[in-house]
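Q: Pasting a predicted model and its sequence here:
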Amino acid sequence: MLKCSLTATVAATVPPGRAALAGQAVKDPGPVPDGRLTAPLAVPAEGKIPVAFVLAPDAEVVDFSGPWGVFEYVLPRNADGSPFALFTVAESTRPLKVSGGMTVVPVKGQTLEAVYDRRTYYFCGEWCRSQFLAAPRRFI
């Protein structure tokens with residue numbers, strides 16, 4: 001997306017220890033603690049952790065396919081398969097133009113939808129739709 005590209009370009013041109021924030025320098029906070037050591041996530045005893053990837057016009061393919069690939073191959077020790085249930089969500093069923101000239105069609109075949117806060121969301125399967133309906137704010 002243009003915003004992501006612009007942000008990356010600006011970040012690459014600002015000297016270390018400085019930030020482009022209202023023209024003022026911001027102190028470098030130093031290294032970020034490793035989340036695996038400071039706040040490890042437990043694998044749920046039952047069910048899966050739903051992870052939604054929002055599809056939108058002008059998205060960078062890597063912005064949804066890259067994270068999908070990472071979550072797809074997470075296999076925690078002592079777990080029976082992946083703890084994640086991956087799915088996509090789009091605002092409409094219209095084909096979406098994304099980076100590289102690719103067009104993504106959010107819905108193929110049967111249309112599964114849910115209305116929340118006067119917006120209609122479309123899903124890849126009934127399980128994804130039911131997870132969304134159970135707690136829509138978790139996904140938006």
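A: Alright, I've got the coordinates. Numbering: from 1, shown residues only.
Q: C-alpha from now on. contacts and neighbour counts both.
A: Will do.
Q: what are the ranges of the helices in this structure?
A: For the chain, the helices defined by DSSP state H cover 2-13, 35-38, 61-72, 126-134.
Q: which one of those has the lowest average pLDDT?
A: When the helices of the chain are ranked by mean pLDDT, helix 2-13 comes last with a mean of 36.
Q: Quick one: low-confidence residue ranges for the protein.
A: Scanning the chain for pLDDT under 70 picks out 1-26, 35-36, 40, 107-111, 124.
Q: In it, what residue spans correspond to strands?
A: Per DSSP state E, the chain carries strands over the ranges 49-55, 84-90, 96-97, 103-104, 112-116, 119-123.
Q: what would those look like in JSON lines with mean neighbour count and distance to residue 29?
A: Compiled in JSON lines, these are given as follows (neighbours: other C-alpha atoms under 10 Å; distance: least, C-alpha to C-alpha, whole Å):
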{"stretch": "strand 49-55", "mean neighbour count": "17", "distance to residue 29": "30"}
{"stretch": "strand 84-90", "mean neighbour count": "19", "distance to residue 29": "32"}
{"stretch": "strand 96-97", "mean neighbour count": "18", "distance to residue 29": "38"}
{"stretch": "strand 103-104", "mean neighbour count": "15", "distance to residue 29": "39"}
{"stretch": "strand 112-116", "mean neighbour count": "15", "distance to residue 29": "39"}
{"stretch": "strand 119-123", "mean neighbour count": "17", "distance to residue 29": "39"}
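Q: Of all the ones you listed, which one is nearest residue 28?
A: With C-alpha to C-alpha as the criterion, residue 28 lies closest to strand 49-55 of those, at 31.3 Å.
Q: what lines up beside that closest one in the sheet?
A: strand 84-90 (parallel) (DSSP bridges).
Q: any idea how far the partner strand is from the chain center?
A: 9 Å (C-alpha atoms, centre = their mean, to the nearest Å).
Q: quick one on the thing from earlier: format the strands of the chain as CSV; extra columns: distance to residue 131.
A: Shown next, in CSV, are these (distance: least, C-alpha to C-alpha, whole Å):
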stretch, distance to residue 131
strand 49-55, 7
strand 84-90, 10
strand 96-97, 24
strand 103-104, 23
strand 112-116, 11
strand 119-123, 10
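Q: between these, which gets nearest to residue 136?
A: Across those, residue 136 has its closest neighbour in strand 112-116 (7.3 Å, C-alpha to C-alpha).
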